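**Student:** Give me a 3D structure for the following:
(chains A and B)
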Amino acid sequence: MTQKQKLVVVGNGMAGMNTIEQLLKLTDQYSITVIGAEPHPNYNRIMLSYVLEGSKTIDDIVINDRAWYESAGIHLITGKRGTKINTEQKTVQMDDGSEVDYDRLIIATGSNPFILPIPGSDLEGVIGFRDIEDCETMIEAAAKYKKAAVIGGGLLGLEAAKGLVQLGMDVTVVHLPDYLMERQLDVTAAKMLEKELESQGIKFALGKQTTALKGDTRVTGLTFTDGTELEAELVVMSVGIRPNTELASNSGIEVNRGIVVDDYMQTSVPDVFAVGECTEHRGTCYGLVAPLFEQGAVLAKTLAGVETKPYEGSICSTKLKISGVDVFSTGTFMEEKQHTTITMHDGWKGTYKKIVMQDNVIVGAVLFGDIDDSSRLERFVKKGELMTEELYAELTGTGGCCGGGAKVNVAAELTDDDIVCGCNGVTKKMIVDAVTIDGLTTLDQVKMKTGASRSCGGCKPLVEQVMQLVLGNGFDAEVKEGICGCTTMSRDEVVEAIKQQNLHTVAEVTKALGWSQPEGCSKCRPALNYYLGMLWPTTYQDEPASRFVNERMNANIQKDGTYTVVPRMYGGMTTPQDLKKIADVSIKYNLPLVKMTGGQRIGMMGVKKEDLPKVWEELNMPSGYAYAKSLRTVKTCVGSAYCRFGTQDSLHIGELIERKFERVDFPAKVKFAVNGCPRNCAESCTKDIGIVGNDGGWEIYVGGNGGIKARLADLLCKVKTDEELIEISAAVLQFYRETAKYLERTSDWVERVGLDLIQRNTVADVEQRKQLAKRMDIALSRTEDPWQKVLKDPKLKETLFEKVVVTKS
Amino acid sequence: MSNTITEKSVYIGTTDEFLERVGRTVVIEGQSLAIFKTAEQIYALEDRSPHPKGGPLNEGIVSGHYVYDPLYDWKIDMRDGCVQAPDEGQVRTFPVLVEENKIYVTMR
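**Tutor:** Numbers count the residues shown, from 1 in each chain, chains lettered A, B, ... in the order given. This next block holds a predicted model:
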């Protein structure tokens, strides 16, 4: 048996352990010892912010637990610090005097937070934000104290501040420059970020330099150069990091700002390597995670004796891990005179995009609000892609006859070694292997296996693209899958088959298309009922048995089995007479709650099922369809009829729209808003169709959503007349009815089919628009108020709503 | 099923008083039952979802001899009341007898 070489790693952090993980995949030639100063096993430092805000525990962020070290045959020493390397004897001395021999050594000691050398920085309550201990200190402090200050408005500082706000503290971020994240963002993006974070409860003191921290034993506040002061019982310093080079410099290894390494991570001493934040490579010290993995890959191959490309430095990309804040930057994003830039700034939607080019080569980018293009731009910068007309059209969303929906699969452009998940150092090849070797087919499986997208989740689209690339249709089927477990057919296939084979009832469909469960299930039956009604508007007999309870009972079932009744209030307008009726009925039927709904009307809660028809009869008002996949509300502002700013009659149009489009079935619920002016008081941006009046006419927005997945609506078009407004709205709604999947809201639909396609069919192609509007009118002509329908049919009323009560004689 | 009319059988109505595949509540001595009529069979179940949060069953969507709980979409076999995987539980069922379009439920 040949003796294994002894490999010692000083530092149990992400850089060192990632190197070891990669090394173990290549060779078992080493017997490995790891020395870690922290008492914890190796954990994902990027996710400390989650521990701080409480969404994850320490256990959740452990990458390799002790069992892993054992099973990998690694000897783990925790709670000890390497103090000196004897490079002649090849031993590492530790702070308790013990020694470990090595044949080869990796220094991965990381970095320390930089503590400002100002009076008071040693007071109790002054900490950095670097490890689990800091997190614990902050969580404890939040329980006892109220006011916190974070010095440093960089990536980590902001994450710390958000975490502390989440813990209930009053937090002010103190920052020397006039704007945030100056190393990652330009002024415009930084100002947008500041505004967003302010709305999330963080306060800012920008352009302030701290001269001293006050307090006797515990810190009580900060003093600034301009003489002003700030109260704080907890001060988190996040002003940067310093490579931890002590061990190396004690041992005669060349150190500049960091431990100097060559392109193979070798230090100035043979058999001693360094990796991660403690290093300095070609004059650069990195403080982000992606470079660590790239360095680790080169080092692992070097140690395993596998041929490798040299490490030539990393292009840094940044993403902020604060929910609701999407910021991204990559490469060189501060333009200088040799640069050309493309800038798009949408103040209403709160998005910003800047692409920086030098001699037509893309060298950097900043994104705020919408970071869909982040992985592509990161690739382009890495590869030094040339800006072309096509690329320009894609990136700016301005062109191409067939752009919009179809996005380029970036995954194809990646090489095997390219890192897809920057948080966990997962390369394209690791994902490909998980699919091809382990046979995994879902994102969840791949996530469990490789860790890709497990941390910040930002790379999820890219992981999916890689999977799609490998699985082709296999992954497609996974995403598309059958409309329910009864079939493997997709929505489009089912709808096409219904048309082709002229199928007219749910039973015909399930039989003709070979459903595995002859009568379908609770997923497909309502869907088929909808598709059939949409395809055969004049002849289809609606099947109540295939509708969800709410649509069958024409009221919303509540968790205790009682129902909510919501009468129509067109455009949010009511009358004293109607209000009186609502009040009288509510009293008579002893309703426990009468509530304003989110859509400008009144919900009467807690109606017993058997009372529903009586309540409807006594109200004698149209159904508000609050239960249905149908037009819900048209939210309005008072507009030119009353408002001094109003330029259009939003009340009139709102009522007109609600009366026109009520009752017809849609794939999912549909909400409108109509505004009399761009102040947008009725909140058009989060409605399925949002209408904004201005002096010359109307703007129509589509695909907004304020629900589970918030989405701002896209501008579809501007029109001059009310007639065009109604016709285009009708065309959009009908196009949605004809092309969306059942239960698919317009927000998802717009993203899936692409705004371009919708624009072409409902705006540009006038003939097509008129056809769509006409088909909508046909569908509308067949509707009837469901409450009146029940009231007119005593048999239906009895069997559907009344209980049978039997008492034994 | 040993289905004969006994002193425990309760007459609940005629078959045309129940819509096909649409449940209806029948209260017998304070006990709420959900009655489901399909083309083949009539089923009687306790009108309470086996889901921990409870709620009624009679508004569920019916497919063959299964009903899907209207609030939580659990799939329940109406023949024995068993909840289908991946969920677990069982609803009480009651024997139903139909004679000349008259429906009887046997209480236990």
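**Student:** Could you use CA atoms for every contact and neighbour count after this?
**Tutor:** Fine.
**Student:** For stretch A:752-771, buried residues please.
**Tutor:** Judged by neighbour count using 16 or more other CA atoms under 10 Å in any protein chain shown, the buried positions of stretch A:752-771 are A:753-759, A:761-763, A:768-770.
**Student:** can you give me the end-to-end distance of it?
**Tutor:** Using CA to CA, to the nearest Å, one end of stretch A:752-771 lies 23 Å from the other.
**Student:** Kindly report the same for stretch A:319-333.
**Tutor:** 14 Å.
**Student:** can the buried residues of stretch A:752-771 go into a markdown table with extra columns for distance to A:Ile483?
**Tutor:** Output for those, formatted as a markdown table (distance: CA to CA, whole Å):
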| residue | distance to A:Ile483 |
| --- | --- |
| A:Val753 | 18 |
| A:Gly754 | 21 |
| A:Leu755 | 24 |
| A:Asp756 | 26 |
| A:Leu757 | 23 |
| A:Ile758 | 23 |
| A:Gln759 | 27 |
| A:Asn761 | 26 |
| A:Thr762 | 27 |
| A:Val763 | 30 |
| A:Gln768 | 28 |
| A:Arg769 | 29 |
| A:Lys770 | 31 |
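**Student:** Narrow the residues you listed to those in helices?
**Tutor:** A:753, A:755-759, A:768-770 (DSSP state H).
**Student:** of these, closest to chain B?
**Tutor:** A:Val753 (29.4 Å; CA to the nearest CA).
**Student:** Close to chain B: what parts of chain A are there?
**Tutor:** A:518-522, A:544-549, A:559-561, A:799-808 (CA under 8 Å from any CA of the partner chain).
**Student:** Would you mind checking the residues you listed for buried ones?
**Tutor:** Neighbour counting by 16+ other CA under 10 Å classes A:519-522, A:544-549, A:561, A:799-804, A:806 among the residues of chain A next to chain B as buried.
**Student:** Just the ones in helices from those residues, please.
**Tutor:** Per DSSP H, those map to helices at A:549, A:799-801.
**Student:** can you put those in JSON lines and add pLDDT?
**Tutor:** Converted to JSON lines, those look like this (pLDDT from 0 to 100):
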{"residue": "A:Val549", "pLDDT": "89"}
{"residue": "A:Thr799", "pLDDT": "88"}
{"residue": "A:Leu800", "pLDDT": "88"}
{"residue": "A:Phe801", "pLDDT": "90"}
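**Student:** Identify the farthest-apart pair in those.
**Tutor:** A:Val549 and A:Thr799 (14.4 Å; CA to CA).
**Student:** Return the residues in contact with the spatially closest residue to A:Leu743 that is not a sequence neighbour.
**Tutor:** Excluding its sequence neighbours, the residue lying closest to A:Leu743 (CA to CA, 6 or more residues apart in numbering or on different chains) is A:Ala668, at 4.7 Å. By CA atoms under 8 Å, 6 or more residues apart in numbering or on different chains, the residues touching A:Ala668 are A:628-630, A:742-745.
**Student:** Can you tell me which of those has the most neighbours?
**Tutor:** Neighbour counts for the contacts of A:Ala668, by other CA atoms under 10 Å in any protein chain shown, peak at A:Ala628, which reaches 24 neighbours.
**Student:** Enumerate every residue touching A:Cys135.
**Tutor:** A:48, A:51-52, A:129.
**Student:** what bits of the chain have low per-residue confidence?
**Tutor:** Since you didn't name a chain, this refers to chain A. A:1-2, A:323, A:398-409, A:454-458, A:473-481, A:808-809 (pLDDT under 70).
**Student:** oops, chain B please
**Tutor:** Using pLDDT under 70, chain B drops low at B:1-4, B:86.
**Student:** Widest-spaced pair of the contacts of A:Cys135?
**Tutor:** Greatest spatial distance among the contacts of A:Cys135 (CA to CA): A:Val51 and A:Phe129, at 11.8 Å.
**Student:** And the two? Which one has more around it.
**Tutor:** Using other CA under 10 Å as the criterion, A:Val51 and A:Phe129 rank with A:Phe129 on top: 25 against 20.
**Student:** which bits of chain B sit near chain A?
**Tutor:** Selection of chain B residues close to chain A by CA under 8 Å from any CA yields B:10-12, B:17-22, B:24-29, B:53-56, B:59-64, B:68, B:70-71, B:73.
**Student:** sorry, back to before: tabulate the ones in helices among the buried residues of stretch A:752-771 in CSV, adding columns for distance to A:Lys56.
**Tutor:** Putting those into CSV (distance: CA to CA, whole Å) gives the following:
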residue, distance to A:Lys56
A:Val753, 36
A:Leu755, 38
A:Asp756, 41
A:Leu757, 42
A:Ile758, 42
A:Gln759, 43
A:Gln768, 52
A:Arg769, 51
A:Lys770, 54
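**Student:** Out of the residues you listed, which is nearest to A:Gln5?
**Tutor:** Nearest to A:Gln5 out of these is A:Val753 (CA to CA; 58.2 Å).
**Student:** how many other residues sit next to the closest residue to A:Val51 other than its chain neighbours?
**Tutor:** Using CA to CA, 6+ apart and skipping residues adjacent in sequence, the residue nearest A:Val51 is A:Thr57, 5.4 Å away. As a burial measure, A:Thr57 scores 14 neighbours (other CA under 10 Å).
**Student:** Which parts of chain B are helices?
**Tutor:** For chain B, no helices turn up when DSSP H is the criterion.
**Student:** just the ones in helices among the buried residues of stretch A:752-771 now: which is nearest B:Asp47?
**Tutor:** For those, the nearest to B:Asp47 is A:Val753 (42.9 Å; CA to CA).
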